[in-house]
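>>> Sequence first, predicted model second:
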Amino acid sequence: MIEIGVKDIADVSDGELSYSSAAGAAVRGFSIDSRTIKPGEFFIAIPGKNADGHDHIAEAVARGAAGVISERPRDVIDGSGKSHFIRVVSSVGAMGSIAGHIRSKVDIPIIAVTGTNGKTTVKDILQRLLSEKYHTLKSPSSYNNMVGVSLTLFGLDRTHEAAVFELGTNHPGEIVSLARLVRPGHAVITNIGPGHLEFFGDTDGVFREKAGVLECLPEGGAAFLSGDDDSLRSLRACGREIMFFGKTPGCEFHIQDIQKKEIGYDFRLNGELLRIPFDGEHNVYNAAAASAVAAFMGVEYSAIRAGLFETALPAMRMKRVSAGGMVFLNDAYNANPASFECALKTLAGMDLAGRKWVIAGDMLELGSRSEESHRNLGARVAAGNFDFLITLGDAASITAREAVLAGMDAENVFRAKDHEEAARIIREIARPEDMILLKGSRKMRMEDILKCFTTSCFR
């Protein structure tokens, strides 16, 4: 990481530093997890809904934490006297201030990726492609909020030549706040869809939020947007350098000749033949977005071709998984109406000897659009000639009811009360040649159905 001293941490975070004889000492890193902290790192105590980092300060110090950032005073925390101690008004705010200080010390190309769907996939593919030419940092997993972005910035060091950050949001103003912290040179907006409508109202609100990243681009910064998205095409005249990717004629990075393979797709981007080794035609767009940025930054198409073929999708995104002698299409990381439609389209397009199952959990944070969205999903499942539907959750029960009303055989539609019941239904009816889609919002933890096949829930 970029070197920073204890006193510098206190200064940039407006914190109160307890007396230290070595306030100029360099810090080796930062952690918010007392279980994995390394000796010499600073522990940042983050209050949360399910756990409060302040309750684990003593453990962090016992494991060798060089210092502590806390919202509570030192004298009420046992075991904190063995390390530097900085009291702040907000631990999350302090993280952002420290991360911003570190960012200011580095002058490298940074790309911010946002959009309703596909952010993590594009981020991971882009990091892989840029790594063909640059030593590239990427945010781990879906580290796309203030805590996650700050943790990623902490990992910057002098050897990095580029970095890719994912920016997420579920409340107005978050994208601009994160973009001001990251200070990207370029940006990607994957698409605009009905995500987090509880907080944004409608897709126009989503559009305004995502487009905020463009406000933070410097002069000469380029934005890469889906040219097949009506709302994003309206940004052509926004005063920034805009490059579109998509099938629409006139896109600077034109997608053509998409061909389904046994697993994955071939496609052409500006005439160059590329291949992705994973399911879902929507992932052609994700690959095209990442390839567009990489080509713009000087990566040769031969290297892009090699990088794409060696790329793996992030966890719980269109992953084929075997469990209990059956095959699952694990797309359980999250769900909204647009991403569910992509998953159903992928499943429907598979040439299988067996039957096709949809295991649907609640789609959350849709606000007043929730009932309508779940009804539409049920009608879509019925129209798609899928063989079985299992729903999990109160909202998804609307999907089950609507599927039957739309003509799906009621004997093949099930409302499971929990993961275990869903797994039992699958175990009793499914065959090895079937394909079973798992999808729902993150809080539904649809992947726990898989765990039932490796634990004692059937005994």
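On my side now, so go ahead.
>>> how about the residue lying closest to residue 200 once chain neighbours are set aside, secondary structure?
In this structure, residue 200 finds its nearest non-sequential neighbour in residue 206, 4.9 Å apart by C-beta to C-beta, 6 or more residues apart in numbering. Placement of C-beta: from N, CA and C, glycine included. Secondary structure for residue 206, judged by DSSP: H, G, I helix; E, B strand; the rest coil, is helix.
>>> Use 26 as the first number for this chain going forward.
All set: I'll call the first residue 26, so the last point we hit is now residue 231.
>>> residues touching residue 231, list them.
Contact analysis of residue 231 by C-beta atoms under 8 Å, 6 or more residues apart in numbering lists 141, 217-222, 225.
>>> how long is stretch 302-311 from one end to the other?
Stretch 302-311 has an end-to-end distance of 13 Å (C-alpha to C-alpha, to the nearest Å).
>>> Identify the bridge partners of the closest residue to residue 437 other than its chain neighbours.
Excluding the flanking residues, the one nearest residue 437 by C-beta to C-beta, 6+ apart is residue 413, at 4.9 Å. Legend: beta-bridge partners of residue 413 under DSSP bridges are residue 382.
>>> just the one 4 residues further on next, same as before
According to DSSP bridges, the residues that bridge with residue 417 are residue 386, residue 441.
>>> I'd say it and residue 383 touch.
No: the pair residue 417 / residue 383 is not scored as a contact, 11.3 Å apart, by C-beta atoms under 8 Å.
>>> one step back: the residue nearest to residue 437 against residue 454, yeah?
Yes: in this structure, residue 413 is within contact of residue 454 by C-beta under 8 Å, at 7.0 Å.
>>> pLDDT averaged over the helix or strand containing residue 396 - what is it?
Using DSSP states H and E, residue 396 sits within helix 395-408. For helix 395-408, the mean per-residue pLDDT is 98.
>>> just checking, what packs against it?
Judged by 3 or more C-beta pairs under 8 Å, 6 or more residues apart in numbering; DSSP states H and E, helix 395-408 is in contact with helix 362-373, strand 381-386, helix 419-430.
>>> Now mean pLDDT and distance to residue 270 too, for those, in CSV please.
Shown next, in CSV, are those (pLDDT from 0 to 100; distance: least, C-beta to C-beta, whole Å):
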stretch, mean pLDDT, distance to residue 270
helix 362-373, 96, 17
strand 381-386, 98, 30
helix 419-430, 98, 32
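>>> So for residue 413 and residue 454, which residue has more residues nearby?
residue 413 (22 against 15; other C-beta atoms under 10 Å).
>>> which residues touch the more buried one?
Taking C-beta under 8 Å, 6+ apart, we find residue 413 in contact with 380-383, 437-439, 454-455.
>>> What of residue 200?
Neighbours of residue 200 in contact, by C-beta under 8 Å, 6+ apart: 139, 192, 194, 234-235, 237-238.
>>> Out of those, which sit inside helices?
Residues from the contacts of residue 200 lying in helices, with DSSP state H as the criterion: 234-235.
>>> Name the member of the contacts of residue 200 with the most neighbours.
residue 192 (31 neighbours).
>>> show me what contacts that one?
Residues near residue 192 by C-beta under 8 Å, 6+ apart: 137-139, 144, 169, 174, 199-200, 203-204, 207, 238.
>>> could you point out where the chain is predicted with low confidence?
For the chain, applying pLDDT under 70 flags the ranges 44-50, 481, 483-484.
>>> Kindly report the domain assignment for it.
Structurally, the chain divides into domains by automatic domain parsing as follows: 31-117, 131-334, 344-476.
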